[in-house]
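Peer 1: whatever this is, show me its structure:
(chains A and B)
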Amino acid sequence: MKKTGVAQVPRAIAGILFSFAFVLSAVASTPQYVVTNDDVMGNFSQNGVTFYTVGANGSLTFLEQVPTAGFGISGGYFPANRVRTLNAGNNQCVFASDAASGDISFINVNTLSLGGSVTGSQNDTGASNGIGLALNSQYLYASFTDASTIGTFQIQPGCALSFVSDVQAGGLQGGIVDGMAVNGNIMVVTYGDGSIESFNIASGLPVSNGDKQNSTGAAKGNSYPSGVDITQDGHFAIFGDTSTSTLIEVSDISSGKLSQTIAYLSPTGINSSNVMLSPDESLLYISNTQGSAISAAFFDKTNGTLGKGCRTGLLQGYGSVWYYLGGLTLASPNGTGQAVYAAEYGPTSSIAVIPVVSSNGKCALTGAANTPVSDPNSPGLLSIAMFPPRAF
Amino acid sequence: MGSAQRYFLAILIIGFGTLYATAQNCPARPKMGTVVQDPLNLISTNGELDADFVMGHSVDDQGYTHYCFNYKTSKNFVESPTLRLNQGDILKLGVKNDIQSDGSAGMKMPPSSAATCGDSGQMTVSSTNIHFHGLNVPPNCHQDDVINTLIQPGTPGFQYNMQIPSTQPPGLYWYHPHVHGFTEFQVNGGASGALIVNGMEKVRPEVTGLTERVFVIRQQYLVPWVPGPYQLTINYHQAVFGLPLPKIEMKPGEKQFWRVANATIQDFLPLQVQYNLKAQPLELIALDGYPLAQPRMVNTILIPPAGRAEFIVQAPSAGESASFITNNYSTGPTGNPDLLQTLANIELSTDADKDGYKAPATNTPVDNSKFMDANKQPATTERKIYFSEEFGGTNGPIQFYITVDGQPQKVFEADEKPAITTQVGAVEEWTIENRALETHAFHIHQQHFRVLEIDGKPAPNQDLIDTITIPFWEGPGHPYHSVKLRMDFSDPTTAGTYVFHCHILLHEDLGMMHKILVQPAGAH
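Peer 2: Predicted coordinates:
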C-alpha cells in the first residue's frame, strides 16, 4: 500500500499547513453534500446517487443512496461528468445520467427523492462511454457518446426536465463529444480526436460558433483536450488533455469564440483529463486520470496564464483498490474550495479527500488522514459533484 | 474508447460483417482432443523452393473467422506449410489473394509519390501481404517489404522472390501478413506459418538425430479487438480448459527437438513442460532463429508475441503424466491477462515419431558469422525509444505510441518520414523504455539485436533476438522498465526502409510503429 505524502512542499508551507485549522465555510441556508453517480451496471442492480455529508474537517459521511431511474455502465470517458447539481431559486437538484438506459434522472435535494427521469431522442444513447452533463440555471445539456449528439433539456420547477431537442456534434477528425462546459451564452466542447468547438446557447439550444479547430496540443500530435472548465467571467476556457504527461491548454473566448489554445506542459503527471477551477479561480485542480495524483496550478484569471503550483504524492490505494482518478469536486463553493475530492475508479471505488492550503503564491495538497473514503455503492466511480455547486 | 479507435472499429465491423457472408475456402481444422501433427514441410531442392499460396478465409461453425495461407498438394489444400530452406537458397513464393472483396472502407495507401509494390488501391481488411519475420533480407519489393506491398483480392497475384542470406543463422523464423491496420485480424484468423533455415545440427550437435517438432501457437478471438475469452491453438488444435486437449506423442524417455513459434496476436507465453505438474528442465538451443552462444537449461521459456524458442524436451518415463503449458503472465494494470493454459497433454507411445521430421545429413557447411557476432565495433550512436499510451476513459487506451526520444509522440502513418535514419556500417545502442501501464513487445524488421542490459543491469545472457518483452510500468514512483540493445547495421543486405513496432498486433495496427531508414554505406 502506498502512503500519501507531501510532494514538493517547502518546509514553510508545511508549517502553515499544520497550523491552519481546517474550517469549512458554513452554508447556513442549504444543506451541504458531496454526491456521486455510482454508475451501477444494469446487470447487477439499479444505478444510484450517493449523498455524503461534509464534516467540519472535510470528512465525508455516508448519508444515503437515492436510486436513479436507470442503469449505468461502470466506466467510460473520464471527462464526461455524469452528475451535476443546481441551486437556483427553489430548485435544489441533482441530475445524474444513466448511461446504459440512456436517461437522465433528477433528484430533489430537499427530499432526497427521485423526481423522475427523461430521455432524449431515440438516437441519444451513451452506453459505450457515458452521458456527460453540463448546465446553467435554465438548461441541462447532455453529451451522448454513442450518438455524438448534444441534447438540450429545459429545467422545470421541481427539478423536472423536459427534452427540447438535440444537435449532432463531431470533431474535425470524426471525434465524438467528450468534455463539455457552459457559462453564460457559451458552451465549449471537446471531441475525442483533439478538436474543440464552442456553441452559442443564448437561445437555449446550442448553435455552433463556427470555430471548430484542433488544439495546439493536438496539432503537435500528442494530446487531446478532454475535460474543460470556463472562468467565471467567460474569458477563458481551460482544457485538461488526455496525454502521456500533464498538459493543460487555455483558450481566450472573450470574443465569444475559441481562440488558438496556449499549451502548458508538466512532465510530472500522466493524463489530465479532468480539470476544475477553484471558486476564487486562483487554482486549477487537475486530476491525473491515468496516474495517482492531483495537481494544482496557479491560475491568473486576468490573463489566463498558469503557473507552477503543487501536487499530491501518491494517493493511497492506487494500483491495489483503484486504477484511475476520475472527476473532481470541492468541499466549499468559496475560496480555494478548501479541499479537493477526487473520484477513484476501480472495483472498490473510493473518494480521495485532499485539503488545500494556499498562501503567498505557494500551495500544498495533502491527503487527509482518513482518505480515501470508501464508496461501496459504486463499482466504477468516475463522477462526483458538490451541493451547493460552485457559483459558475 | 476514443473516437479514433471507434472509427477504426467501425471499419473493421463493416469488414467483418461482410466477410461473414462470403464463401468458405479454408481447410477444416483439427478436431479437439486429437494428436497434434506437424505442418506440411515444403523443402527446397537444388537451392530453390518454389511454392504458391492462396490467401483464403472462412468462418467455422463456432463463429471464428479463419484466414489461411492455402497450399495445394496433389490431394487437397493444406494451410500454412513449413518452408524449409538452406542458407543461400532461393525462395519463390507466389501469393494470390482469394479473400472476397468486401468494398469496406480502409486506410489510404501512401500518396502516389511514394513507391508502391504489388497492387494499388487501399489497405482494407481484404488486402494482404507477407512479412518474413526474422529473416535478414532486403526490405524491398518482392522480398520483405511491408510498407508498400499490397496484394489485393481478385488480382493475378504477387511473387515473392528472395535469396535466403548465406549468413542467415539456421533456425526458426515465421511468416505472416503485415497490412497496416489489419494485421491483427488476419493473424488472429490463423494466417501464419513457420520458415526454417536448415543446419541447426551443424552448429548445435545436441540436436543431431533428434526428431523435430514444429509447433505454431496461435490465438483466436471471436472478435479480435474486443477483450474477452480467447482460445490458444497449437498447430490449429484448440486448447481450452474443460474440453478435450490436444495430444503430443512421444516415446517414453525420448528427447525431441521442439521448435516453437508464438504466433499469437498478443499473448506472452511462459512455456513449461511439466511432469506431474512440476516444471522440467528444457535445453534451450536458439531464440528467434539465432542459435545461442551456449545452450542453457531452463524451466520456463518466456516467448513474447512473435518470438520463437527452440529447445530439447525429454519425455517422461512410462507411467508419468506430462503436459506442455503456458503459465499465467501479468501484462500490467491496463494489459490483458495471459492465463495459464495447457497447450497439449504429452502422451507416451512407442509408436511416436513415425512421421516426425529428422534433418537429413549433409556436408554443406553453415556460415555462423552472423550469430557469432564477430563485429566488435563499438557503438557510435545512442538512442532512446519509448512506448507510451493515452487513455481517454476506462475502455482502454485510445492512442498507442512508440517514440524516439525528443520527437513528438505520434502514431504511424504510411507516408511518414523515417523516425530514425542511419547508415550501413553503423553500430548503435538503443534503450527501449516502457512508460505504459501494460507490457509491450519490441520488434524490428530485418535485424536481430543483442540484449546488453535489462533495467540498467547487464543482461545475463546477451542473446541475439528480434523481439523482446519490456514489462509494464508499475506507475508513478517506480522506474520505467527498459532494455539496452546493440543494433548492428553492418549488413548491407538490409539497407533500405523498414519498421520497428510493438508486436502486440492491435498496438501495431493502431500505430505503435515507425520507420527506420538504413542508408547504403557512404550515402548522406
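Peer 1: and the strands in the stretch 301-450 of chain B?
Peer 2: For the stretch 301-450 of chain B, the strands defined by DSSP state E, counting those that start in this stretch occupy B:301-303, B:308-314, B:322-326, B:341-348, B:381-391, B:397-404, B:420-423, B:427-434, B:440-444, B:449-454.
Peer 1: so of these, which one's packed in deepest?
Peer 2: strand B:440-444 (a mean of 26; mean count of other C-beta atoms under 10 Å in any protein chain shown). (Glycine included, C-beta is placed from N, CA and C.)
Peer 1: pairing partners for that one, with directions?
Peer 2: strand B:467-470 (antiparallel), strand B:496-502 (antiparallel) (DSSP bridges).
Peer 1: name the residues that touch it?
Peer 2: Here strand B:440-444 makes contact (C-beta atoms under 8 Å, 6 or more residues apart in numbering or on different chains) with B:133, B:268, B:304-307, B:385, B:387, B:402, B:432, B:434, B:466-470, B:483, B:487, B:498-504, B:507, B:512, B:516.
Peer 1: and it, average pLDDT?
Peer 2: Strand B:440-444 shows a mean pLDDT of 98.
Peer 1: and it with strand B:397-404, angle?
Peer 2: Relative orientation of strand B:440-444 versus strand B:397-404 (axes from the mean of the first three to the mean of the last three C-alpha atoms, to 10 degrees): 40 degrees.
Peer 1: in the host helix or strand of B:Q294, what's buried?
Peer 2: Element membership for B:Q294 (DSSP states H and E) is strand B:290-298. Under the neighbour-count criterion of 16 or more other C-beta atoms under 10 Å in any protein chain shown, strand B:290-298 has B:Y290, B:P291, B:L292, B:P295, B:V298 buried.
Peer 1: same list, these, but as JSON lines with pLDDT please.
Peer 2: Formatted as JSON lines, the buried residues of strand B:290-298 follow (pLDDT from 0 to 100):
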{"residue": "B:Y290", "pLDDT": "97"}
{"residue": "B:P291", "pLDDT": "96"}
{"residue": "B:L292", "pLDDT": "95"}
{"residue": "B:P295", "pLDDT": "96"}
{"residue": "B:V298", "pLDDT": "98"}
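Peer 1: before we move on, the earlier item: adding mean pLDDT, write the strands paired with strand B:440-444 out as TSV.
Peer 2: TSV is the format used below for those (pLDDT from 0 to 100):
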stretch	mean pLDDT
strand B:467-470	98
strand B:496-502	98
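Peer 1: mind putting these in a markdown table, mean neighbour count and distance to B:E320 included?
Peer 2: Output for the strands paired with strand B:440-444, formatted as a markdown table (neighbours: other C-beta atoms under 10 Å in any protein chain shown; distance: least, C-beta to C-beta, whole Å):
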| stretch | mean neighbour count | distance to B:E320 |
| --- | --- | --- |
| strand B:467-470 | 23 | 31 |
| strand B:496-502 | 24 | 40 |
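Peer 1: among these, which is nearest A:L133?
Peer 2: Of all the strands paired with strand B:440-444, strand B:496-502 sits nearest to A:L133, with 36.7 Å by C-beta to C-beta.
Peer 1: for that closest one, give me every contacting residue.
Peer 2: Applying C-beta under 8 Å, 6+ apart, the contact partners of strand B:496-502 are B:138-140, B:144-147, B:385, B:387, B:400, B:402, B:412, B:418, B:420, B:440-446, B:507-508, B:512-518.
Peer 1: send me it as PDB with only the CA atoms.
Peer 2: The C-alpha coordinates for strand B:496-502 follow below in PDB (Å, rounded to 0.1, in the frame of the first residue of the first chain):
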ATOM      1  CA  GLY B 496      16.500   0.400 -47.000                       C
ATOM      2  CA  THR B 497      13.400   1.500 -45.200                       C
ATOM      3  CA  TYR B 498      11.600  -0.800 -42.800                       C
ATOM      4  CA  VAL B 499       9.800  -0.600 -39.500                       C
ATOM      5  CA  PHE B 500      10.000  -1.200 -35.800                       C
ATOM      6  CA  HIS B 501       6.900  -1.600 -33.600                       C
ATOM      7  CA  CYS B 502       5.200  -3.300 -30.800                       C
END
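Peer 1: let me have the strands paired with strand B:440-444 in CSV, extended by distance to B:V78.
Peer 2: Formatted as CSV, the strands paired with strand B:440-444 follow (distance: least, C-beta to C-beta, whole Å):
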stretch, distance to B:V78
strand B:467-470, 27
strand B:496-502, 30
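Peer 1: let's see the pLDDT reported for the residue of the stretch 201-350 of chain B found nearest chain A.
Peer 2: Relative to chain A, the nearest point of the stretch 201-350 of chain B is B:P333 (5.6 Å; C-beta to the nearest C-beta). If you check B:P333, the pLDDT there is 80.
Peer 1: burial count for it?
Peer 2: Residue neighbour count, defined by other C-beta atoms under 10 Å in any protein chain shown, stands at 17 for B:P333.
Peer 1: still on that earlier bit, out of the strands paired with strand B:440-444, nearest to A:I270?
Peer 2: strand B:467-470 (17.4 Å).
Peer 1: next SSE downstream of the closest one?
Peer 2: Taking DSSP H and E, what comes next after strand B:467-470 is strand B:481-488.
Peer 1: need the contact partners of that next one.
Peer 2: Counting by C-beta under 8 Å, 6+ apart, B:373, B:375, B:377, B:379, B:426-434, B:442, B:444, B:447, B:449-456, B:459, B:468, B:470-473 sit against strand B:481-488.
Peer 1: now the strands for the stretch 151-300 of chain A?
Peer 2: So, for the stretch 151-300 of chain A - with DSSP E, counting those that start in this stretch - the strands run A:161-168, A:177-183, A:186-191, A:195-200, A:207-208, A:213-214, A:223-230, A:236-243, A:246-252, A:262-266, A:274-277, A:283-287, A:294-300.
Peer 1: please list all residues in contact with the closest residue to B:N368 other than its chain neighbours.
Peer 2: Nearest residue to B:N368 in three dimensions, chain neighbours excluded: B:V203, at 5.6 Å (C-beta to C-beta, 6 or more residues apart in numbering or on different chains). By C-beta under 8 Å, 6+ apart, the contact list for B:V203 reads B:P169, B:P170, B:P291, B:V366, B:N368, B:F371.
Peer 1: low-scoring stretches of chain A, by residue?
Peer 2: A:1-29, A:43-44, A:221, A:267-268, A:291 (pLDDT under 70).
Peer 1: okay, how far is it across stretch A:83-100, tip to tip?
Peer 2: Start and end residues of stretch A:83-100 are separated by 15 Å (C-alpha to C-alpha, to the nearest Å).
Peer 1: how far off centre is it?
Peer 2: 14 Å (C-alpha atoms, centre = their mean, to the nearest Å).
Peer 1: and for stretch A:35-53?
Peer 2: Averaged C-alpha coordinates place stretch A:35-53 at 17 Å from its chain's average position (C-alpha atoms, centre = their mean).
Peer 1: how about it, which residues are buried there?
Peer 2: Result for stretch A:35-53 [16+ other C-beta under 10 Å]: buried residues A:35-42, A:46-52.
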